[in-house]
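Student: Build me a model:
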Amino acid sequence: MHDQSAELTALPKRLPWHGWLVAGIFLLYSLGAAFDYAMSFARGAEYFRASGMNEDQVAYFSQLPLWVLLGWTLSVWGGLLAALALLARSRLSRPLFGLSLVGGLMYIVYTLVLSAGREAMGDVWFMPLLIAAFTAGLILYCQQLQQRRFLV
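Tutor: Numbers count the residues shown, from 1 in each chain. Next comes the predicted model:
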């Protein structure tokens, strides 16, 4: 005889409402970050000025080292892909959030430890730390969802 109850319990569960909410909020944030990233490269100093940056800030953000830009790239695009993966209930969301966190930490090390980024960022200097903490929380959240068979 074929045991259908064992098959049913092996199937992944539907994503709970809070999974949709969390993924949706991070997707909206990530779309904004992706827009900012694209405009920063497409328009550069002109975009920075239009965003309200002063000349010192424009100079700082126009001269980030390549490895910092790599970190920013990993953070932005890893986060966007992670949010999409979470909406698709994919277990890839967790390593993608991890990739985003690594990129964010690269950016944080440079801006808050190795350079005058804190001064350049002004009143919002803490935002990369807040985003990194939220991303770390999303890694743990995805781990819980995966353990409870919400992610496949």
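Student: which residues does the residue nearest the centre of the chain contact?
Tutor: By Cα atoms, centre = their mean, the chain has its centre lying nearest to G79, at 3.0 Å. Neighbouring residues of G79 by Cβ atoms under 8 Å, 6 or more residues apart in numbering: F26, Y29, S30, A33, L96, F97, S100, T135. Every C-beta, even on glycine, is put in place using the N, C-alpha and C of the backbone.
Student: how about a cut-off of 7 Å?
Tutor: The contact partners of G79, by Cβ atoms under 7 Å, 6 or more residues apart in numbering, come to F26, S30, A33, S100, T135.
Student: Also L86?
Tutor: Residues near L86 by Cβ under 7 Å, 6+ apart: G19, A23, S93, C142.
Student: and it, what element?
Tutor: helix 66-87 (DSSP states H and E).
Student: and that helix, how far from the chain's centre?
Tutor: In terms of Cα atoms, centre = their mean, to the nearest Å, the centre of helix 66-87 is set 5 Å apart from its chain centre.
Student: any idea of the pLDDT on the residue nearest to the centre of the chain?
Tutor: We have a pLDDT of 97 for G79.
Student: Against T135, how distant is it?
Tutor: According to Cβ to Cβ, to the nearest Å, G79 and T135 sit 7 Å apart.
Student: Dump the helix holding L86 to PDB, keeping only the CA atoms.
Tutor: Backbone C-alpha positions of helix 66-87 (Å, rounded to 0.1, in the frame of the first residue of the first chain) are rendered in PDB as follows:
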ATOM      1  CA  LEU A  66      36.900  49.000  -6.600                       C
ATOM      2  CA  TRP A  67      36.600  46.500  -3.700                       C
ATOM      3  CA  VAL A  68      34.100  48.700  -2.000                       C
ATOM      4  CA  LEU A  69      32.000  49.000  -5.200                       C
ATOM      5  CA  LEU A  70      32.200  45.200  -5.300                       C
ATOM      6  CA  GLY A  71      30.800  45.000  -1.800                       C
ATOM      7  CA  TRP A  72      28.000  47.400  -2.700                       C
ATOM      8  CA  THR A  73      27.200  45.400  -5.800                       C
ATOM      9  CA  LEU A  74      27.000  42.200  -3.800                       C
ATOM     10  CA  SER A  75      24.800  43.900  -1.200                       C
ATOM     11  CA  VAL A  76      22.300  45.400  -3.600                       C
ATOM     12  CA  TRP A  77      21.900  42.600  -6.100                       C
ATOM     13  CA  GLY A  78      22.300  39.800  -3.600                       C
ATOM     14  CA  GLY A  79      19.500  41.400  -1.500                       C
ATOM     15  CA  LEU A  80      17.200  41.800  -4.600                       C
ATOM     16  CA  LEU A  81      17.700  38.300  -5.700                       C
ATOM     17  CA  ALA A  82      17.300  37.000  -2.100                       C
ATOM     18  CA  ALA A  83      13.900  38.800  -1.800                       C
ATOM     19  CA  LEU A  84      12.800  37.400  -5.100                       C
ATOM     20  CA  ALA A  85      14.000  33.900  -4.000                       C
ATOM     21  CA  LEU A  86      12.100  34.200  -0.800                       C
ATOM     22  CA  LEU A  87       8.900  35.200  -2.600                       C
END
